[in-house]
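Colleague: Below are the sequence and a predicted model for it; my questions follow.
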Amino acid sequence: MSKVPVVALVGRPNVGKSTIFNRLIGERVSIVEDHPGVTRDRIYATGRWIGKEYRLIDTGGIDMSNEPLMNQVRYQADLAMDEADVIVMVTSVREGVTLEDEEVAQRLHRTNKPVVLAINKADNPEQRQMIYDFYTLGLGDPIPISGSHGTGIGDLLDKIVELFPSDSSDTDDDDSIKFSFIGRPNVGKSSLVNAILKEERVIVSNIEGTTREAVDTKFKTADGKEYTMIDTAGIRKKGKVWENTEKYSVMRALSAIERSDIVCMVLDAETGIIEQDKRVAGYAYEAGKGIIIIVNKWDAVDKSNNKFDEFTKEIRKEFQYLRFAPILFVSAKTGQRLNKLPELINMIHENRARRVQSSILNNVVMDAVAMNPTPTDKGRRLKIYYMTQVAINPPTFVVFVNDVELMHFSYERFLENQLRESFYFEGTPVHIITRARS
Ligand code: GDP
Ligand code: GDP
């Protein structure tokens, strides 16, 4: 697993951070828009420049608006210093150097991470001449850019990429299974991490993450399997002002999801399911990760009246697109059923890596078509020629047909269910891609 560098934009409001964010990312925003409950807020996205991938954060998108302006810029600078590998301080040529700019710069002087100084709204040659004042910030050469016109963005990206940490190489022979706990604040993610650490005595190592403060933990179970528990959700950052803001927890969750093979979505048995629980689950699904739904704090529930069935039913209703995900009722407090987690993770890992022979696959498809005839439209019937598996992690199948337009969502769903019944894909999304045979 290579480490993808994280780039953070900081600076006072209105200097153009979100405009630049959109410029840097272009249309390649990794957040899927029309999925149930997935945030559309552009505070975290994946970008690419000269073949290098990076994650971009706009710290201005994390709402601290009930704080005075000066505190907002301070906290955003602190957050960037915690999270990022390269920090881009954005300011604007229009107002010149302001007090807030100086404050941000002073804070950034304390970090040993590389900082790039971008002077925005330099829309014309005269304005580009005015950037020299910004040398007083002590952050090196100011780079003039214009977010609205798109000028200077290439130079900025060149500079950023140059500063990526050199350890982002791909020399990765680690084949441990990566998993993470995601969920809103207070569901018990850090308690779960600690409980697992207590349970699994063979800790192999603590691995420094992309950023200095993130620490992943690698452990081995009795059967010799290796797992890496991805540090998430500011588990080790408790007490920071931004810790409980929703966007920050979403951002941390997205970054953890990307680095995981399997994501454990944690719900709180005491409070039940709330809207915020649904936000990040959709992303894990879209990213094709294995998913386990964990109901934590099971110790605190009065189990007299069928609570187990009730909760299961509610989960299946609220997370319909996760119907393939197993549900595990646990307690971080008592350790109940936590020993089941590694084997469940391992099972899903195997399911995700399963390859099905084309001949067997096509027998299943043939049977499926015989059982449930393909849809028709205006007298034309969908013809399925054959299906083949093109990828694992998650299992991905291409189905070749006469006309892509004739493939309905519901029929695709039916085929998926047939695949799930015939081959064991519990815990993993299964992707089906429909193609016209040329
Ligand atoms: P943020 O608060 O730092 O995220 O700033 P925004 O991206 O929301 O931009 C604030 C305002 O500045 C908006 O009205 C933008 O249209 C404008 N703006 C952004 N970039 C430029 C630029 O390069 N030139 C000019 N003239 N205006 C810009
Ligand atoms: P996080 O914000 O998701 O990391 O949640 P924490 O691990 O900090 O837990 C939030 C609160 O829930 C703390 O007060 C924990 O003691 C409590 N908690 C966590 N797990 C359990 C559990 O299994 N049972 C009970 N009763 N309380 C728990």
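Modeller: Great, that's in hand. Numbering: from 1, shown residues only. Ligands and ions are numbered 1, 2, ... in the order given.
Colleague: what does the protein put close to ligand 2?
Modeller: 183, 185-191, 233, 235, 296-297, 299-300, 331-333 (CB under 6 Å from any ligand atom). C-beta coordinates here come from the backbone N, C-alpha and C atoms, glycine included.
Colleague: do that again at 5 Å, thanks
Modeller: Taking CB under 5 Å from any ligand atom as the contact definition, the chain meets ligand 2 at 185-191, 297, 299-300, 331-333.
Colleague: Select, from these, the two members most distant in space.
Modeller: Pro185 and Asp299 (19.7 Å; CB to CB).
Colleague: What residues are bridge-paired with Val295?
Modeller: Leu267, Phe329 (DSSP bridges).
Colleague: so how far is Asp377 from it?
Modeller: For Val295, the distance to Asp377 equals 43 Å [CB to CB, to the nearest Å].
Colleague: Between the two, point out the one with more neighbours.
Modeller: Neighbours were counted for Val295 and for Asp377 using other CB atoms under 10 Å; Val295 has more, 25 against 11.
Colleague: pLDDT wise, what is that one at?
Modeller: If you check Val295, the pLDDT there is 97.
Colleague: Check Pro36 too.
Modeller: So, for Pro36, pLDDT stands at 38.
Colleague: And Ser18, by the same measure?
Modeller: The model's pLDDT for Ser18 equals 87.
Colleague: now for the helix or strand where it lies, which elements pack on it?
Modeller: Using DSSP states H and E, Ser18 falls within helix 17-25. Counting contacts by 3 or more CB pairs under 8 Å, 6 or more residues apart in numbering; DSSP states H and E, helix 17-25 is packed against strand 6-10, strand 44-49, strand 52-58, strand 115-120, helix 153-162.
Colleague: can you tell me which of the residues of the chain next to ligand 2 lies nearest to ligand 1?
Modeller: Pro185 (25.1 Å; CB to the nearest ligand atom).
Colleague: OK, contacts around Thr312?
Modeller: Ile327 (CB atoms under 8 Å, 6 or more residues apart in numbering).
Colleague: Please give the element, helix or strand, for it.
Modeller: Counting by DSSP H and E, Thr312 is part of helix 307-318.
Colleague: list the buried ones in the helix holding Ser18?
Modeller: Buried residues in helix 17-25, defined by neighbour count with 16 or more other CB atoms under 10 Å: Lys17, Ser18, Thr19, Ile20, Phe21, Arg23, Leu24, Ile25.
Colleague: now swap in stretch 418-427 and tell me
Modeller: Buried residues in stretch 418-427 (16+ other CB under 10 Å): Gln418, Leu419, Arg420, Ser422, Phe423, Phe425, Gly427.
Colleague: Likewise for stretch 376-383?
Modeller: In terms of neighbour count (16+ other CB under 10 Å), stretch 376-383 has its buried residues at Leu382.
Colleague: That one spans what distance, first to last residue?
Modeller: Length of stretch 376-383, first residue to last, CA to CA, to the nearest Å: 9 Å.
Colleague: change the start of the numbering to 244 and stick with it
Modeller: From this message on, residue numbering opens at 244, which makes the last subject stretch 619-626.
Colleague: Isn't Phe666 up against Arg595?
Modeller: No - with contacts counted by CB atoms under 8 Å, Phe666 stays clear of Arg595, the gap being 11.8 Å.
Colleague: so what sits against both of these two?
Modeller: Residues touching both Phe666 and Arg595 comprise Pro638, with contact defined as CB under 8 Å, 6+ apart.
Colleague: follow-up on the earlier one: which of the buried residues of stretch 661-670 lies closest to Arg502?
Modeller: Gly670 (18.0 Å).
Colleague: what's the closest non-adjacent residue to that closest one?
Modeller: Ile591 (3.4 Å; CB to CB, 6 or more residues apart in numbering).
Colleague: The one you found: which element?
Modeller: Ile591 belongs to helix 583-595, assigned by DSSP H and E.
Colleague: quick one: the helices in the stretch 244-393 of the chain?
Modeller: Counting by DSSP state H, counting those that start in this stretch, the stretch 244-393 of the chain has these helices, from start to end: 260-268, 312-326, 342-352, 368-372.
Colleague: could I get those as TSV with distance to Glu529?
Modeller: Output for the helices of the stretch 244-393 of the chain, formatted as TSV (distance: least, CB to CB, whole Å):
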stretch	distance to Glu529
helix 260-268	17
helix 312-326	22
helix 342-352	34
helix 368-372	41
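Colleague: which non-adjacent residue is nearest the residue nearest the centre of the chain?
Modeller: In the chain, the centroid-proximal residue (CA atoms, centre = their mean) is Leu497; its distance is 2.3 Å. With CB to CB, 6+ apart as the criterion, Leu497 has its nearest non-adjacent residue at 5.3 Å, and that residue is Tyr287.
Colleague: Please name the bridge partners of that neighbour.
Modeller: The residues that Tyr287 bridges to, once DSSP bridges is applied, are Ile300.
Colleague: burial count for the closest residue to Tyr297 other than its chain neighbours?
Modeller: Nearest non-adjacent residue to Tyr297, counting by CB to CB, 6+ apart: Pro248, 4.8 Å away. Neighbouring residues of Pro248 were enumerated by other CB under 10 Å; the total is 22.
Colleague: So Pro248 sits against Trp292, correct?
Modeller: No - checked against CB under 8 Å, the pair Pro248 and Trp292 is beyond contact range at 11.0 Å.
Colleague: Can I get stretch 482-489 in PDB, CA atoms only?
Modeller: What follows is stretch 482-489, C-alpha atoms only, in PDB (Å, rounded to 0.1, in the frame of the first residue of the first chain):
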ATOM      1  CA  GLY A 482      -9.400  17.200  22.600                       C
ATOM      2  CA  LYS A 483      -8.700  19.200  19.400                       C
ATOM      3  CA  VAL A 484     -11.300  21.900  18.700                       C
ATOM      4  CA  TRP A 485     -12.200  20.400  15.300                       C
ATOM      5  CA  GLU A 486     -12.500  16.800  16.500                       C
ATOM      6  CA  ASN A 487     -16.200  16.700  16.700                       C
ATOM      7  CA  THR A 488     -17.100  18.700  13.600                       C
ATOM      8  CA  GLU A 489     -18.900  16.500  11.200                       C
END
